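K.L.:
Fold the following, please.
(one chain, ligands or ions: 1)
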Amino acid sequence: MLLNILVKLAVLVASASAAPQRNKNGANANANVNLNQIRGNGQGIQAAQQLAGPGVTIVEKIVQPTAGDPTFLQFRVAMPQTITPDMGLNVLLHGDGGQSFFAMPNAKLDSNLIGVTVLAPNAPMKWGGLGNNRPDGPQHATLVKDLVTSVLPQMIPGFNQSRVYFTGVSGGSLTLTSAMIPLYGNMFQSGWLIMCGGLPSPNGIPASAIGPNTRIHVQTTTNELTFLQQTIPTAITDLNQAIAQVPGVTPQQAATQFTFDGTPNGGHCAFDGQGFSSGIQAMVSQFTAVMLNGQPAQGITAATLTPLAQAKPFAAVAGAAQNGGATAQNGAANGGNANNRKGKNNGGNNFVAALQQVSNGQQR
Ligand SMILES: *[C@@H]1O[C@H](CO)[C@@H](O)[C@H](O)[C@H]1NC(C)=O
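P.N.:
This next block holds a predicted model:
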């Protein structure tokens, strides 16, 4: 296993240094050229089917959702037998390496939200591409937006297109906060569950990205990866700046509509205090409580969620890199500039390696 990790790290380092100049749209075009086939050999579908229960079928497809962009996007839908007009979607973007794409923690029809997972369109399965600042975030966000607004309405005829929630896990949360919300939040105003990740957007978040009833909850743990302990607070600042400008939301309303919790005593995404996959599953299983009913997640969060405006993530552990061992600390040390807006990629791919290592370790 160690050898496996080392090989992966070597590949990462090699591909990072060999990376060609990126441009805004076709950033990873070369790396993605052969990704036109379903990947993963159906891994996880049976377990997701079990989780979903009777009456739901896991369907997997690959499409080119965006006109003028040849990129293919692979996705899974937990398709109910009958679609009713009150049904919406819960679209999940996985963390680096794809674990939650395959596991589909949102496979069960919950509050009539149809679970959808989407696979990052690059070989290492990293939303937003390589590097701390996730330079492909805007392109990936556009692909997801087009999947939801053009492809899924044909495939799931009659679902409520005004009821589309998003869930981010780690690298998925980096793309949601830095690209999806800023660019397309105006089209998706139901809610965002941002778990164990967050990245500031190059130009901040416009107020129009958040609607008068948009629900946002940011969830982390005490022992988050050190790099994320720097970027999550900055992403929260971006969100709060936008929220403060949304017309018609009183401070009282905002206190329960936009919330934060960082109390679970665990490492990266280990909301149950146990592990990466189990923590994510435990949190997603309480989507209705947290996102629709404004309640705590039993056994995970504090009894009262903190208003996002008052969030002080990692205040208690700031400066005391306690988690993740040497690699995560290293990654953070070298990636420390990424919360610098417009910051160039300062070569902090060690953060990516740290995340990769976390998810490798946890997937076994
Ligand atoms: C669709 O969703 C919107 C937003 O949640 C809601 O206002 C509307 O009533 C829903 N429509 C149906 C038919 O449930």
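
K.L.:
Skipping adjacent residues, who's closest to the residue of the stretch 1-150 of the chain found nearest the ligand in space?
P.N.:
Closest contact between the stretch 1-150 of the chain and the ligand, by Cβ to the nearest ligand atom, is at residue 86 (3.6 Å). Any C-beta I mention is one placed from the backbone N, CA and C, and that applies to glycine too. Distances taken as Cβ to Cβ, 6 or more residues apart in numbering put residue 112 closest to residue 86, at 5.5 Å, once the chain neighbours are dropped.

K.L.:
Backbone dihedrals for that neighbour, please?
P.N.:
Note on residue 112: backbone dihedrals following degrees, to the nearest 10 are phi 60, psi 30.

K.L.:
Renumber starting at 41 from here on
P.N.:
In the new count, where the first residue is 41, that last one comes out as residue 152.

K.L.:
what sits against it?
P.N.:
Residues near residue 152 by Cβ atoms under 8 Å, 6 or more residues apart in numbering: 124, 126-128.

K.L.:
okay, the residue nearest to residue 209 when sequence neighbours are not counted: pLDDT?
P.N.:
The shortest distance from residue 209 to any non-neighbouring residue, by Cβ to Cβ, 6+ apart, is to residue 135 (4.4 Å). With respect to pLDDT, residue 135 has a value of 98.

K.L.:
quick one: residue 135 and residue 236 touch, right?
P.N.:
Yes. Counting by Cβ atoms under 8 Å, residue 236 is a contact partner of residue 135 at 7.4 Å.

K.L.:
what's the overlap in contacts for those two?
P.N.:
Common neighbours of residue 135 and residue 236 (Cβ under 8 Å, 6+ apart) are 209-210, 309.

K.L.:
quick one: contacts for the closest residue to residue 275 other than its chain neighbours?
P.N.:
Ranked by Cβ to Cβ, 6+ apart and with sequence neighbours excluded, the top spatial neighbour of residue 275 is residue 238, at 3.2 Å. By Cβ under 8 Å, 6+ apart, the contact set of residue 238 is 213-214, 217, 258, 268, 271-272, 274-276.

K.L.:
Roughly how far does residue 238 sit from residue 196?
P.N.:
29 Å (Cβ to Cβ, to the nearest Å).

K.L.:
same check, this time on residue 154
P.N.:
6 Å.

K.L.:
Then residue 75?
P.N.:
Where residue 196 is concerned, residue 75 sits at a distance of 24 Å (Cβ to Cβ).

K.L.:
ditto for residue 204
P.N.:
Going from residue 204 to residue 196 by Cβ to Cβ gives 11 Å.

K.L.:
for residue 109, same thing?
P.N.:
For residue 109, the distance to residue 196 - Cβ to Cβ - is 22 Å.

K.L.:
I'd like the contacts of residue 152 laid out as a markdown table, including pLDDT.
P.N.:
Output for the contacts of residue 152, formatted as a markdown table (pLDDT from 0 to 100):
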| residue | pLDDT |
| --- | --- |
| 124 | 97 |
| 126 | 97 |
| 127 | 98 |
| 128 | 98 |
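
K.L.:
Turn the buried ones among those into a named PyMOL selection, would you?
P.N.:
In PyMOL, this line selects whichever of those come out buried by 16 or more other Cβ atoms under 10 Å:
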select buried, resi 127+128
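
K.L.:
Quick one: residues contacting residue 207.
P.N.:
Each residue near residue 207 by Cβ under 8 Å, 6+ apart is listed here: 130-133, 146, 232-233, 235, 324, 327.

K.L.:
which of those residues lies closest to residue 301?
P.N.:
residue 235 (10.3 Å; Cβ to Cβ).

K.L.:
was I right about that closest one contacting residue 320?
P.N.:
Yes. With contact defined as Cβ under 8 Å, residue 235 counts as touching residue 320 (6.8 Å).

K.L.:
out of these two, which sits in the more crowded spot?
P.N.:
The neighbour comparison of residue 235 against residue 320 (other Cβ atoms under 10 Å) goes to residue 320, with 29 against 26.

K.L.:
neighbours around the residue in the stretch 291-404 of the chain that the ligand sits nearest to, how many?
P.N.:
Relative to the ligand, the nearest point of the stretch 291-404 of the chain is residue 332 (10.1 Å; Cβ to the nearest ligand atom). By other Cβ under 10 Å, the residues close to residue 332 number 15.
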